[in-house]
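Q: Sequence first, predicted model second:
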Amino acid sequence: MQKIYWGDIHRQTAWTCGEGTVDDHFAVAKAYFGLDFAAVTDNARLEDPRERLFPGERLRDHRHFLGGLTAHSISQSQWLEVQAAVQRHTDPGRFVAFLGYEWCSARYGDHNVYYAADQGPLLLPDRLEELYAEYGHRQRLIVPHHPGYARGRRGVNWNVHAPAHERLVEIHSTQHGSSEGLEPFTPRLYSRSMGGLEPGSSVQDALQRGYKLGFTGGSDSHALKQKSGLVGVYADELTRAALFNGMRQRCTIATTGPKFAGSFHLEGHGPGSLLALDYLPAFTVEVPETGWEEVQLIRNGQMAARWKLGAPEPLVYQETASGLRPDNYYYVRVLLADGEQAWISPIWVSYLPDTEFAKDTLYWLPEGDVLFWGQKLDAQTVKLQAVNHRRAKSAVEIVAWQLMDTANEVVWEERQTGQLRAGQQVEITADAGRLTEGVRHALVYRDADDNTRRVVRSRLLQAGETTVFPYAGE
């Protein structure tokens, strides 16, 4: 069973705009805050117009204007010291130090770069597109932070986005507040030190564009013992590889500081999951008995459900809406005691267009084309097939075939390892037992291009019925 490990992955030393050394920050994260992991992300180079630009003004590349300001930077020798400190402070099973730095830009917004290893280059191109091009997407993460500010005032320009690199967004930091969205999305929090939230720049705006982003929280600490916003990662073990994979798969929870042990899942599939369904599912939120005031389920930017403290647990929301989008997102916001807050990363659900509740909605065929179908031949036998009909030569890795009963319990599973290449088809016959009340079938696979885990699940099939998924995930 996965556990939540807690960390602060956005801290600053005296080299830039904070205090203390890299060693000091890792020591404080361990001993003072009791964290499981941390990262120091000094501003590798902070250059800005002398007067930051406001919305509507022409954006200028900071290399080509007079009166620019280089506030601070870190040197290559200091970068070597950071790598050495990351190696010294990592003790798998007890504490993990991540290697990272902050790439700053008034034009594109500030982004933190994190490595899966304890070594890596310090790369400082002038354009965000060049930063994307510098990195292989599986070994590094690029995370926008305080996105809610206006463009030109260090807010994120969501017109420039690379899904393979940007899997997370910092929804809250202690230094800057919440970038979730305009009211009513932030009933208690706001960005403050560089202006207010601006329409078009928030986390909500990115999600409405269809971007698949999980949530992180951090301190952006300018003081050693400043209160820390936190990110929790759902992982199997406290190792750098497990934590990095959890962040890459968006299996995260962000808080304003408390270690809030909540969970959110769709029939067993947790935060960060991408599912394709031909039925309306139920979502479950599990929270501690105390320490919170209200739990809110957000669907496509609107509140779909809310529960007050004392509501019967677990908290379950059965989707009943019609006319849903083809790329729906659901996430959880929790109002905690003492004005604190938590956000559990989204689950994305695509509903197939031939189902009654999804008719008359705009629909498109996303990338990741895997045709998957199942036929319940009789009371005992289900025939399952999948074909990778991509035009490109990219492959998918089938993880498992599954059959489930009416209670969504897995009654049969065939795990496989191996790639399903473009144009290749695979077929399997499954023993459903005597599930006379119907059976669901599912395919779990990973995309070989970006290692994203995807799931497709069918409605209940009766004997003689067939269901076809024209695609699986995005």
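A: Cool, the structure landed.
Q: List the contacts of the longest helix along the chain.
A: If you go by DSSP state H, the chain has its longest helix at helix 76-89. Residues outside helix 76-89 that contact it (C-beta atoms under 8 Å, 6 or more residues apart in numbering): 15, 22-23, 26-27, 30, 40, 42, 44, 74, 95, 97-99, 101, 118-120, 122. C-beta here means a position set from N, CA and C on the backbone, and glycine is covered the same way.
Q: Just the CA atoms of that helix, as PDB, please.
A: What follows is helix 76-89, C-alpha atoms only, in PDB (Å, rounded to 0.1, in the frame of the first residue of the first chain):
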ATOM      1  CA  GLN A  76      29.100  26.600 -11.700                       C
ATOM      2  CA  SER A  77      31.300  26.100  -8.600                       C
ATOM      3  CA  GLN A  78      28.300  26.600  -6.400                       C
ATOM      4  CA  TRP A  79      26.300  24.200  -8.500                       C
ATOM      5  CA  LEU A  80      28.900  21.500  -7.800                       C
ATOM      6  CA  GLU A  81      28.500  22.200  -4.100                       C
ATOM      7  CA  VAL A  82      24.700  21.700  -4.400                       C
ATOM      8  CA  GLN A  83      25.300  18.300  -6.100                       C
ATOM      9  CA  ALA A  84      27.700  17.200  -3.400                       C
ATOM     10  CA  ALA A  85      25.200  18.300  -0.700                       C
ATOM     11  CA  VAL A  86      22.400  16.300  -2.400                       C
ATOM     12  CA  GLN A  87      24.600  13.200  -2.300                       C
ATOM     13  CA  ARG A  88      25.600  13.700   1.400                       C
ATOM     14  CA  HIS A  89      22.100  14.200   2.700                       C
END
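Q: May I have the strands that pair with the next helix or strand after it, each with its orientation?
A: Beyond helix 76-89 on the C-terminal side, the first helix or strand identified by DSSP states H and E is strand 96-103. Partners of strand 96-103 in the sheet, by DSSP bridges, are strand 37-40 (parallel), strand 43-49 (parallel), strand 111-115 (antiparallel).
Q: deepest of the ones you listed, which one?
A: Stretch with highest mean neighbour count among those: strand 37-40 (a mean of 29; mean count of other C-beta atoms under 10 Å).
Q: Quick check: mean pLDDT of the longest helix of the chain?
A: For helix 76-89, mean pLDDT rounds to 96.
Q: Could you quantify the relative orientation of that helix and strand 96-103 as an angle?
A: With axes from the mean of the first three to the mean of the last three C-alpha atoms, to 10 degrees as the basis, helix 76-89 and strand 96-103 are set at 160 degrees to each other.
Q: strands paired with the longest strand seen in the chain, and their directions?
A: Longest strand in the chain, counting residues (DSSP state E): strand 341-351. Here strand 341-351 is paired, per DSSP bridges, with strand 252-255 (antiparallel), strand 274-277 (parallel), strand 328-336 (antiparallel).
Q: Show me what the helix or strand just after the second one is in contact with.
A: Right, the one you point to is strand 274-277. Reading on from strand 274-277 to the C-terminus, the next helix or strand found by DSSP H and E is strand 282-286. Residues outside strand 282-286 that contact it (C-beta under 8 Å, 6+ apart): 262-267, 295, 297, 307, 313-319, 330, 332, 344, 347.
Q: Mind listing what's buried along strand 282-286?
A: By neighbour count, with 16 or more other C-beta atoms under 10 Å as the criterion, the buried positions of strand 282-286 are 283-285.
Q: Same question for stretch 452-460.
A: 452-458, 460.
Q: what's the answer for stretch 293-301, then?
A: 295-299.
Q: Take these and write them to CSV, including pLDDT and secondary structure.
A: Compiled in CSV, these are given as follows (pLDDT from 0 to 100; DSSP: H, G, I helix; E, B strand; the rest coil):
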residue, pLDDT, secondary structure
Val295, 97, strand
Gln296, 96, strand
Leu297, 97, strand
Ile298, 95, strand
Arg299, 94, strand
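Q: of all the strands paired with strand 341-351, which gets the most neighbours per residue?
A: It is strand 252-255: most buried of the strands paired with strand 341-351 by mean count of other C-beta under 10 Å, with a mean of 26.
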